[in-house]
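Enquirer: Any chance you can model this:
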Amino acid sequence: MSRPEPRVAVVPDWPQAADAILSGGGRVVPAAEAEGLVWVDWSGPGRLGSVLEESPNISWVHLPGAGIESFIDAGLLADGRTWTCSKGAHSSLIAEHALALALAGLHSLPTSARASSWAPTRVTALAGQPVTIVGGGGIANALVGYLDPFGARVTVVRRSPEPVAGALRTLGTDSLHEALDAARLVVLALALTPETRHIIGAAELEAMHERAWLVNVSRGGHVDTDALVDALERDAIAGAALDVTDPEPLPDGHRLWSLANCIITPHNAGSSGAVMRLLTDRIRDNVHRLGSGEPLLGVVDVDAGY
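Expert: Below is the predicted model:
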C-alpha cells in the first residue's frame, strides 16, 4: 500500500544521498524523526550503534557497500530492523575489473610493462579455457556474461548449487577442489563470512593448476596470505591478481609487492564516480519502494551474513 514521503535520514551528511531520497519520493529528516536511515560512512559502523539507540523509530537501514562484515562483527544487524546494502549494485563494474586483472595476468602484461629490454614472456589464452568463479552473486553473473565471447568454460562454485545462467556447471563449496583442478583462471567473488574466510589456503593453492591465475575482487580474508606468498614464490601457480589483500592496506615492504607474478590494485575495482551513481540509484530505488510498499533491493540475509 502506498504511503506518502518516507522520512529518511542521511548520516553523515552527503548531499548526493539527500538528492536521491528526494528523487525517490522521500523526505530528508533528522535521524530522531526518521523511519529510514542511509548510512554513508564507508569506514564502517563507527557511531551507527549510538545513532540507532537515539532513533528508535528507524526500521530500515541502508549500508553503502556490498561487504558488511564489519557491521555484523559489531553486532548491529541482529536488532530486528530491515537492513539493505549495495550488493548487486556494483556488480558489472567489479566484474569488469576482474576481467582486466585476469587478462593482464594471463598475458604477462605486468612483466612486459616493467621490462627494459626485449625478452619473450609467457602468454596464456583465455579463449576456450576452463574458468572457475567462486561465488554465485551479482559479480559472478556479470562476469559469466563478460566471459561468454571468449568461449570460456565456466564453473561456478557457490553455497547452494542452483544453476547460474551461462555457466557450464554449478557446484557446491564441498566440490571446490574439483573445480580448482583444471581451471586456468580462478576468480573469487563471494561474501566474507566465517565459513568463507581462508577459503583459499595452502591445500586449495596446491590443488590449482600450475598455469592458473588467481583473481580476488571480493575480500582479502578469503585468501591465506602466507600460503599465497609461498605458492607464488615456488611458482606453484602462475600468479595472483589482487584488488583486496589481508592485511589491508597492504604494508610497504610486504613480500607480495616484490613478486613479479603478483598484480595488486588498491581495492579500487569499485572506486569511481560510477560507484557513486550506482549507490545513489540504489538509495533512490529503495526509498521509492519503501513508499510504495514494494520489496526493497539488496536486503541483507542476517543469518547468511550478506
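Enquirer: drop to CA atoms for contacts and neighbour counts, all remaining ones
Expert: Will do.
Enquirer: And the residue nearest to residue 275 when sequence neighbours are not counted, how close does it get to residue 104?
Expert: Sequence neighbours aside, residue 90 is the residue nearest to residue 275 in space, at 6.4 Å (criterion: C-alpha to C-alpha, 6 or more residues apart in numbering). Taking C-alpha to C-alpha, to the nearest Å as the measure, residue 90 falls 21 Å from residue 104.
Enquirer: Settle it for me: which of the two has more neighbours?
Expert: Higher neighbour count among residue 90 and residue 104: residue 90, with 22 against 16, using other C-alpha atoms under 10 Å.
Enquirer: what helices or strands is the host helix or strand of residue 186 leaning on?
Expert: Using DSSP states H and E, the element containing residue 186 is strand 185-188. With contacts taken as 3 or more C-alpha pairs under 8 Å, 6 or more residues apart in numbering; DSSP states H and E, strand 185-188 sits against strand 130-134, strand 213-216.
Enquirer: any weak-confidence spans in this protein?
Expert: 1-3, 272 (pLDDT under 70).
Enquirer: can you list the residues that contact the top helix by length along it?
Expert: For the chain, the longest helix by residue count, based on DSSP state H, is helix 273-292. Contact partners of helix 273-292, identified using C-alpha atoms under 8 Å, 6 or more residues apart in numbering, comprise 1-6, 16-17, 20-26, 38, 62, 64, 86, 89-90, 93, 295-297.
Enquirer: again, but for stretch 190-201
Expert: 67, 69, 134-137, 218-219, 221-224, 227-228, 304-306.
Enquirer: Please enumerate the strands of the stretch 151-300 of the chain.
Expert: Under the criterion DSSP state E, counting those that start in this stretch, strands of the stretch 151-300 of the chain are mapped to 153-158, 169-172, 185-188, 213-216, 239-242, 262-264.
Enquirer: Quick one: closest of those strands to residue 116.
Expert: strand 262-264 (18.5 Å; C-alpha to C-alpha).
Enquirer: Can you list the helices and strands that that closest one packs against?
Expert: Strand 262-264 packs on strand 239-242, going by 3+ C-alpha pairs under 8 Å, 6+ apart.
Enquirer: How far does the strand it packs on sit from its chain's centre?
Expert: Taking C-alpha atoms, centre = their mean, to the nearest Å, one finds the center of strand 239-242 at 16 Å from the center of the full chain.
Enquirer: Would you mind confirming that residue 189 is in contact with residue 142?
Expert: No: contact criterion C-alpha atoms under 8 Å: residue 189 and residue 142 do not qualify, at 10.7 Å.
Enquirer: Which of these two has more residues huddled nearby?
Expert: residue 189 (28 against 17).
Enquirer: And residue 196, how close does it get to residue 80?
Expert: 25 Å.
Enquirer: Who has more neighbours out of the two?
Expert: Between residue 196 and residue 80, residue 196 has the larger neighbour count (other C-alpha under 10 Å), namely 16 against 10.
Enquirer: Now do the domain split for the chain, please.
Expert: 7-89+272-292, 91-264 (automatic domain parsing).
Enquirer: Can you show me the helices along the stretch 101-250 of the chain?
Expert: Ranges of helices in the stretch 101-250 of the chain, per DSSP state H, counting those that start in this stretch, are 109-114, 138-147, 176-181, 202-207, 225-233.
Enquirer: residues touching the residue nearest to residue 275, list them.
Expert: Contacts of residue 90 by C-alpha under 8 Å, 6+ apart are 139, 270, 275, 278.
Enquirer: ok, 10 Å please
Expert: 65-66, 138-139, 269-271, 274-279 (C-alpha atoms under 10 Å, 6 or more residues apart in numbering).
Enquirer: now residue 174
Expert: 157-160 are the contacts of residue 174 under C-alpha under 10 Å, 6+ apart.
Enquirer: For stretch 102-117, buried residues please.
Expert: 102-109, 111 (16 or more other C-alpha atoms under 10 Å).
Enquirer: er, stretch 16-34 I mean
Expert: So for stretch 16-34, counting by 16+ other C-alpha under 10 Å, buried means 17-29, 31, 34.
Enquirer: what sits in contact with each of residue 189 and residue 142?
Expert: Contacts common to residue 189 and residue 142, judged by C-alpha under 10 Å, 6+ apart, are 91, 94-95.
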